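**Student:** heads up, no residue letters with this:
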């Protein structure tokens, strides 16, 4: 039996869901997975911070108010987010980074990850920023310090696409992938197929909590572009930056074009893809594509995500599952910690 | 760098494809996966056997005739299949068992597996018989001898469904699964949707090499039933025997019922499924089910397979890919060997 001391950076929906999963399942994880989690520190820009080396009360965290400075009221708490201080002094074995995605340069999350790794603390994250911009450097930093940098949740939340391709399709000669990697834009397209205008569909997505108040990143493909970069760099050995990837969103698709597609037994989907070319380079793009209904991605509706891996040995392998959600994304963090635990057990530590 | 000495039991399509993959990729596997394969023995009921501790010429094996006793003509060869002798004396690290599936009791393959494991030799197999009837006992035998028993290819050939569910969905609270687990029957249903009668569709499947001369096991669901037992026992902790699972094939589906389904925006699919009940028992079945088109399995056509895992934490996760094929099934054996190699590396051996 092991116990991992974790520090949570960001205490929004995802890390709150992780704390709740731990509160509900720690005993079961101990028997079924071989470990449990103790939360020894939390840092949040809005809520403040708390350090508690002996472990916070997980049930109390479920009821933590969302008001500014709420963590300051706990013993060991402070009004200050004090992120570096929490990373350095909470005694964490694993830092769980789940702050906002900065699509310009991945900061400040990248610096938080780098600080933790440099101190010999493993990092698991769902944040696309550090991974899209700096995955290879952060993995090197982790390896140099004998720890781990894991980020399954950066693409398709808890649906295990990165590990599926990297671990379970090893040796299958991966040539490329294409995927529906953003639930909001896919929901908008599905809604337009049932007759809503683009504007009505976006509003519906906002009402249901799928779309942000500013839906630009989802609708214009910027979110997909980060995920394409992450997958292409990780799985195809590319060295892409987001700006290298041509990106076109769904904003130009009209109800007429959606209906024309249906009449032709096809569907418009926002597709992120990358392929290894004959010369070894990797070509990637984000754009709406007209898929015939027999394409395995065509039937993926609403906010569901899916990605098809094109392999030389197996042909196409498609995985389909949730692409977002608090609990679904928190599960990715658990999966990352399971991976760290397995490596530790295998090494007999 | 490691080299695994393998003995191939059965030298039909699948193990021939594995030998060919090794001939073409050994150098690449050495650099990318960290190992290569040396074939030190082969046993086949029809071809005879050969033992060559220094390794057989992989390129020569590609051109081995299919005539009776062909292995006897090689140096170290014999007209006798001599399976136990090959297992015991070839010096193999890994026995690759790919003989025919015996759906009654899993023999003689089970005895071959048990013999190898008892001698401290790992076993990888694509044979549903030993796995459906004796997976737990064979895994215990492997563990007791410090070796491995792996069988990813027993379900959906090289599409990594067993490891996906067992390793990558650990902690996601698997509640059950439903799948299209037989390509032949699915091809027949797809062909009937395009207007062929049941008999014409079966004949077409036979012409294309999807169906056996006697298609009973595919059409009547017996093949699916073995796979359901394997998945239910492995993933849901059931202790099912094939005879425990109610099984109904597609033989009663008429063109009329297929057309009625289409008119109702639905499709008939032969579904193998299992669910954990509230009392902890597992209920499994094989039967044609009428799926609405929005079900993620409804769009899976022709000889493709797919399985949907129902989880408490992530909801549904579906993986879709090839369910048969010589090379696709041989890849499953490679994936099993990769898994054995990883365990060895992690243990610092």
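**Tutor:** Looks like it arrived, so ask away. Because the structure is a prediction, the values reported are computed rather than measured. Numbering: from 1, shown residues only, chains lettered A, B, ... in the order given.
**Student:** Spell out the secondary structure type for residue A:262.
**Tutor:** helix (DSSP: H, G, I helix; E, B strand; the rest coil).
**Student:** you'd agree it is up against residue A:193?
**Tutor:** Yes. When contacts are counted by Cβ atoms under 8 Å, residue A:262 is listed as touching residue A:193 (6.6 Å). C-beta coordinates here come from the backbone N, C-alpha and C atoms, glycine included.
**Student:** of these two, who's got more company?
**Tutor:** For residue A:262 versus residue A:193, neighbours defined as other Cβ atoms under 10 Å in any protein chain shown are more numerous around residue A:193 (17 against 13).
**Student:** got a list of what that one touches?
**Tutor:** A:258, A:262, A:267 (Cβ atoms under 8 Å, 6 or more residues apart in numbering or on different chains).
**Student:** could I get the residues you listed as CSV with pLDDT and distance to residue B:26?
**Tutor:** Conversion of the contacts of residue A:193 to CSV gives the following (pLDDT from 0 to 100; distance: Cβ to Cβ, whole Å):
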residue, pLDDT, distance to residue B:26
A:258, 95, 50
A:262, 94, 50
A:267, 97, 43
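**Student:** so which of those also contact chain B?
**Tutor:** Checked against chain B using Cβ under 8 Å from any Cβ of the partner chain, these yield no neighbours at all.
**Student:** ok, which stretches of the stretch 201-349 of chain A are helices?
**Tutor:** A:216-219, A:222-236, A:255-263, A:326-346 (DSSP state H, counting those that start in this stretch).
**Student:** most tightly surrounded among those?
**Tutor:** helix A:222-236 (a mean of 25; mean count of other Cβ atoms under 10 Å in any protein chain shown).
**Student:** for chain A, what spans make up the strands?
**Tutor:** Using DSSP state E, the strands assigned to chain A run over residues A:2-9, A:35-44, A:48-51, A:77-78, A:94-97, A:122-125, A:149-150, A:174-180, A:266-276, A:282-292, A:304-311, A:315-322.
**Student:** Next, format those as TSV and append mean neighbour count.
**Tutor:** Converted to TSV, those look like this (neighbours: other Cβ atoms under 10 Å in any protein chain shown):
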stretch	mean neighbour count
strand A:2-9	22
strand A:35-44	24
strand A:48-51	25
strand A:77-78	18
strand A:94-97	27
strand A:122-125	28
strand A:149-150	26
strand A:174-180	23
strand A:266-276	22
strand A:282-292	18
strand A:304-311	24
strand A:315-322	24
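**Student:** Of these, give the one that comes closest to residue A:240.
**Tutor:** Distance to residue A:240, taken as Cβ to Cβ, is lowest for strand A:282-292 among the strands of chain A, at 6.0 Å.
**Student:** Now do that closest one and helix A:222-236, the angle between them.
**Tutor:** Using axes from the mean of the first three to the mean of the last three Cα atoms, to 10 degrees, one finds that strand A:282-292 and helix A:222-236 are set 120 degrees apart in direction.
**Student:** what about strand A:282-292, near chain B?
**Tutor:** No. Using Cβ under 8 Å from any Cβ, no contact is recorded between strand A:282-292 and chain B, whose separation bottoms out at 11.3 Å.
**Student:** what mean pLDDT does that strand have?
**Tutor:** Confidence over strand A:282-292, taken as the mean pLDDT, stands at 98.
**Student:** Can you tell me what sits against that strand?
**Tutor:** A:221, A:224-225, A:228-229, A:232, A:236-238, A:240, A:244-250, A:252-253, A:261, A:264-277, A:297-298.
**Student:** Using CSV, please lay out the strands of chain A together with distance to residue B:178.
**Tutor:** Supplementary listing: these in CSV, determined by distance: least, Cβ to Cβ, whole Å:
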stretch, distance to residue B:178
strand A:2-9, 35
strand A:35-44, 31
strand A:48-51, 45
strand A:77-78, 48
strand A:94-97, 34
strand A:122-125, 31
strand A:149-150, 30
strand A:174-180, 22
strand A:266-276, 24
strand A:282-292, 25
strand A:304-311, 17
strand A:315-322, 14
